[in-house]
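S.K.: Mind looking at a prediction? Sequence and model below.
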Amino acid sequence: QVVARFNRLRQEQRGLASKAAELELELNEHSLVIETLREVDPTRKCYRMVGGILVERTVKEVLPALENNKEQISKIIETLNQQLQAKGRELNDFREKHNIRLVGEDDPRQPPKEGAEGAGAKGSSAGVLVS
């Protein structure tokens, strides 16, 4: 039951992260379209997809709606990020409460194992890739 709840929490966290990433892409698309339309004559014809239907409008009608949508998407992303942080804290608290360790994760109570690489990497910046 504990493992099932832990997996459910992780799945919820992944879902939130996935939705946030999807909305980030949509926000970038809106920004690109808004930048493009600002340089266009406001009386020019413009087509917009509304509920699966292509609607003909002018740039001056569509631009404010796009800017409003962009603002709403930004607010939703901000809310999702707050929920994601809260879910992460909940997940960490649950892990600590039930002493859950993931596969491949070292036991924090045991000293780290030193292999052939570990001895040489102590003095250098381990985990940094420089090309």
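M.R.: Yes, it's here.

S.K.: hey, where'd the strands end up in this structure?
M.R.: Ranges of strands in the chain, per DSSP state E, are 45-50, 53-58.

S.K.: residue ranges with poor pLDDT in the protein?
M.R.: 105-131 (pLDDT under 70).

S.K.: Where do the helices of it begin and end?
M.R.: In the chain, the helices defined using DSSP state H lie at 2-38, 59-98, 116-121.

S.K.: Who are the contact partners of Arg48?
M.R.: By Cβ atoms under 8 Å, 6 or more residues apart in numbering, Arg48 lies in contact with 54-55, 57, 62, 65. C-beta coordinates here come from the backbone N, C-alpha and C atoms, glycine included.

S.K.: would TSV of the helices of the chain with distance to Arg44 and mean neighbour count be doable?
M.R.: Output for the helices of the chain, formatted as TSV (distance: least, Cβ to Cβ, whole Å; neighbours: other Cβ atoms under 10 Å):
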stretch	distance to Arg44	mean neighbour count
helix 2-38	9	13
helix 59-98	5	14
helix 116-121	60	10
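
S.K.: Compare the ones you listed and give me the one nearest Lys45.
M.R.: helix 59-98 (8.1 Å; Cβ to Cβ).

S.K.: What is that closest one packed up against?
M.R.: Packing partners of helix 59-98 (3 or more Cβ pairs under 8 Å, 6 or more residues apart in numbering; DSSP states H and E): helix 2-38, strand 45-50.

S.K.: can you put the ones you listed in TSV and add distance to Leu102?
M.R.: Converted to TSV, those look like this (distance: least, Cβ to Cβ, whole Å):
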stretch	distance to Leu102
helix 2-38	10
strand 45-50	43
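
S.K.: Ile76: which of the ones you listed is closest?
M.R.: Nearest of the helices and strands packed on helix 59-98 (Cβ to Cβ): helix 2-38, 6.0 Å.

S.K.: Quick check: which of the helices of the chain is nearest to Tyr47?
M.R.: If we rank those by Cβ to Cβ, the stretch that ends up nearest is helix 59-98, at 8.6 Å.

S.K.: Might one say that Lys87 is in contact with Arg8?
M.R.: No. Between Lys87 and Arg8 there is no contact under Cβ atoms under 8 Å: 10.9 Å.
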